[in-house]
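1. What follows is a predicted structure for the sequence shown.
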Amino acid sequence: MSVTIAVLSQKGGTGKTTTVRSLADVLVRTGLDVLAIDADPQGNLSDYFDVDPAAEPTLADVLAGQARASDAVHGAVVPANLGLAESELVLAGKIGREVTMRNALRELKRRHDLILIDCPPTLGLLTVNALVASTHALMSTQAQHFSLQGVEQAMEVFDLARETLNPELELLGVLLNIANMRTRHARQTLEALEERFPEKVFNTVIRQSIAYAESAERARPILDYRPERGADYIALAGEVLERLGMSDRARRLEQVRRDTLPPRLLA
Ligand SMILES: Nc1ncnc2c1ncn2[C@@H]1O[C@H](COP(=O)(O)OP(=O)(O)OP(=O)(O)O)[C@@H](O)[C@H]1O
Ligand SMILES: [Mg+2]
């Protein structure tokens, strides 16, 4: 069974793109064939994958029915640019507007073990399309005021997608991202999330570090750029694989850890 995970949040800057880039990298290192989809007109994920900004076709062309999805794969990503904002508007006026991405990605699902979709920072039509095209959703949230409400709102859209067009959709988990656990606020947010979404909050918290912005700027995944910072995403990948029932893959992460992390972190 191929797995498609939509990474979403109700608001911007919660680490979605970084999570997609980093998870894709770690999961590839376990031997999985992973494809990432940039469903955000900002194109941050495409930049992180170092795709030429002029690369064509993009997700916009695929959703507009002007290109085949397989032709829009550049390296390991289907990129996006501002043109996607326009195709979202065009999509809005069409019959079947919520299932367009699902239909377009069908052939790619057969070719790849796992697809990760980076959603835009809104709960609009692109995010709905991503949820309808996915088997799982991963909610990213930052410890900020109203972050619980943000997750609730994202959950409403998740429920809507499941109740109407995608009954198979599962909540993979809720991730506390870009967190400084030395602050009481972050610890309280984690507690509140665990209380509200029992069993669903990942044990792994992605810690705050400037290294992520630098790694994005250099278009290099965190394990390449700053291996010692990659431990959080290796741990998260382990939880993701366990939740997907892929324990044998999760066991391969031990080797990934040994190959990448500095000795002092391997204890
Ligand atoms: N763990 C982290 N610690 C510190 N900064 C981070 C971390 N993860 C990501 N960042 C930085 O925070 C900013 C927002 O991250 P990112 O782009 O991944 O979020 P996003 O949810 O995709 O944003 P948007 O909603 O705009 O698409 C970026 O500058 C990124 O480099
Ligand atoms: Mg993003």
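-> Alright, I've got the coordinates. Ligands and ions are numbered 1, 2, ... in the order given.

2. Return the residues in contact with V28.
-> Contact partners of V28, counting by CB atoms under 8 Å, 6 or more residues apart in numbering, are V34, A76. Just so you know, the C-beta spots here come from the backbone N, C-alpha and C atoms, and that holds for glycine as well.

3. for ligand 2, what are the nearby residues on this protein?
-> K16, T17, N44 (CB under 5 Å from the ion).

4. one more time with 6 Å
-> By the rule CB under 6 Å from the ion, the part of the chain lying against ligand 2 is K16, T17, D40, N44, D118.

5. now, which of the residues you listed lie within strands?
-> D118 (DSSP state E).

6. from the residues of the chain next to ligand 2, which is closest to A154?
-> The shortest gap between A154 and any of the residues of the chain next to ligand 2 belongs to K16, at 10.7 Å (CB to CB).

7. now, which of the residues of the chain next to ligand 2 lie within helices?
-> Residues of the residues of the chain next to ligand 2 located in helices (DSSP state H): K16, T17, N44.

8. Keep only those residues that also lie close to ligand 1.
-> Residues of these in contact with ligand 1 (CB under 6 Å from any ligand atom): K16, T17, N44.

9. D159 belongs to a helix?
-> Yes. The assignment for D159 by DSSP: H, G, I helix; E, B strand; the rest coil puts it in a helix.

10. could you measure it against L165, distance?
-> 12 Å (CB to CB, to the nearest Å).

11. How about I37?
-> Distance, I37 to L165, using CB to CB: 18 Å.

12. what about R106, how many residues close to it?
-> Number of residues near R106 (other CB atoms under 10 Å) recorded here: 11.

13. no no, L91
-> 20.

14. need the contact list for the closest residue to it other than its chain neighbours.
-> Distances taken as CB to CB, 6 or more residues apart in numbering place R97 nearest to L91, at 4.9 Å, with adjacent residues excluded. Counting by CB under 8 Å, 6+ apart, R97 touches L91, L125, N129.

15. Between D159 and L165, tell me which one has more neighbours.
-> Ranked by neighbour count (other CB under 10 Å), D159 and L165 place L165 first, with 17 against 13.

16. isn't that one right up against T100?
-> No. Using CB atoms under 8 Å as the test, L165 is too far from T100 to be in contact (11.4 Å).

17. Thank you kindly, that will do.
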